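[1] have a look at this prediction, sequence included:
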Amino acid sequence: MELMELLKTRRTYRRFDQTKKIPDEAVDDIVRAQQYASCGNNRQPLHYIVVRDEVLVEEIFKITKWAASLPAKQGQPKDGEHPTMFIAVLEDNALKNAVTGVDAGLAISNMTLAAWNHGVGSCIIANVNKDELRKILDIGDEYTVNCVVAFGYPTHKSIIKEADSGEKLSYYINEDGDYVVPRKKIEDTVVFR
Ligand SMILES: Cc1cc2nc3c(=O)[nH]c(=O)nc-3n(C[C@H](O)[C@H](O)[C@H](O)COP(=O)(O)O)c2cc1C
């Protein structure tokens with residue numbers, strides 16, 4: 001896919017075809033993509049746990065909250081719509097510093113773009129019960145949990161819509177069941193000097 005089209009369509013997806021597993025080639029690219037991301041001082045404080053085991057994926061799904069802007073009935077994926085893979089993003093406490101959050105954002109961006117290049121949609125999830133995640137994945141105290149990222153083949157579209165200044169920015173689901181994501185116009189966010 002052409003780069004700008006890839007960037008525009010790599011949105012948050014929240015309903016997936018649970019029967020369609022992500023092939024190894026796509027997973028290989030996703031994990032390789034984080035290795036290519038820049039990070040402050042090249043410290044590489046991030047670690048990842050790739051979860052593809054169906055039982056573990058379901059356990060993690062149960063401790064995640066989706067689409068806080070929508071009623072749960074609409075935003076939470078239903079049975080058959082769950083993601084088929086999670087990646088837990090962890091920060092090594094011995095290496096993390098003030099810019100580790102930026103490092104995580106760049107790495108997650110690379111991974112979700114690499115996924116989308118294979119048609120695999122994703123949802124970054126900060127709203128995960130981190131204590132429960134530690135138990136499920138046996139994560140030691142040497143790591144801080146940053147977030148989890150859910151992956152799967154989406155069964156809906158997600159469309160960017162330019163918002164007029166003052167317009168509500170909450171995403172919503174349209175009559176076709178697709179997500180609509182209002183975005184501020186360039187002239188409302190960027191100044192050229
Ligand atoms: C740091 C971060 C945390 C997020 N956490 C959640 C979350 O816990 N649950 C969820 O459903 N979506 C979550 N999202 C997805 C956002 O709601 C989504 O990015 C936003 O609505 C814009 O949609 P877009 O990604 O399609 O541009 C998160 C996104 C980011 C960047």
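    It's in.

[2] from here on, just use CA atoms for contacts and neighbour counts.
    Will do.

[3] R11 is in contact with P154, correct?
    No - contact between P154 and R11 fails when scored by CA atoms under 8 Å: they sit 10.5 Å apart.

[4] hmm, the lowest-mean-pLDDT helix or strand in the chain touching the ligand?
    Lowest on mean pLDDT, DSSP states H and E among the helices and strands of the chain sits helix 72-75, with a mean of 90. No - judged by CA under 6 Å from any ligand atom, helix 72-75 stays clear of the ligand, getting no closer than 7.3 Å.

[5] paired strands for the helix or strand just after that helix, with orientation please.
    Using DSSP states H and E, the next helix or strand after helix 72-75 towards the C-terminus is strand 85-92. Partners of strand 85-92 in the sheet, by DSSP bridges, are strand 46-51 (antiparallel), strand 143-152 (antiparallel).

[6] run the chain-centre distance for strand 85-92.
    Put simply, strand 85-92 sits 11 Å off its chain's centre (CA atoms, centre = their mean, to the nearest Å).

[7] cool, stretch 79-86 as well?
    Centroid separation for stretch 79-86 versus its chain: 13 Å, with CA atoms, centre = their mean.

[8] now do the end-to-end distance for it.
    Start and end residues of stretch 79-86 are separated by 17 Å (CA to CA, to the nearest Å).

[9] which non-adjacent residue is nearest L46?
    Once flanking residues are discounted, L46 sits nearest to E91: 4.7 Å by CA to CA, 6 or more residues apart in numbering.

[10] try D92
    Nearest residue to D92 in three dimensions, chain neighbours excluded: Y143, at 4.7 Å (CA to CA, 6+ apart).

[11] burial count for the one you found?
    Y143 has 19 neighbours, counted by other CA atoms under 10 Å.

[12] which residue is nearest the middle of this structure?
    I124 (2.4 Å; CA atoms, centre = their mean).

[13] now name the helix or strand holding that residue.
    Per DSSP H and E, I124 falls inside strand 121-125.

[14] quick one: is that strand near the ligand?
    Yes - residues of strand 121-125 contacting the ligand under CA under 6 Å from any ligand atom: C123, I124, I125.

[15] and after that strand, which helix or strand comes next?
    Using DSSP H and E, the helix or strand that follows strand 121-125 in sequence is helix 130-137.
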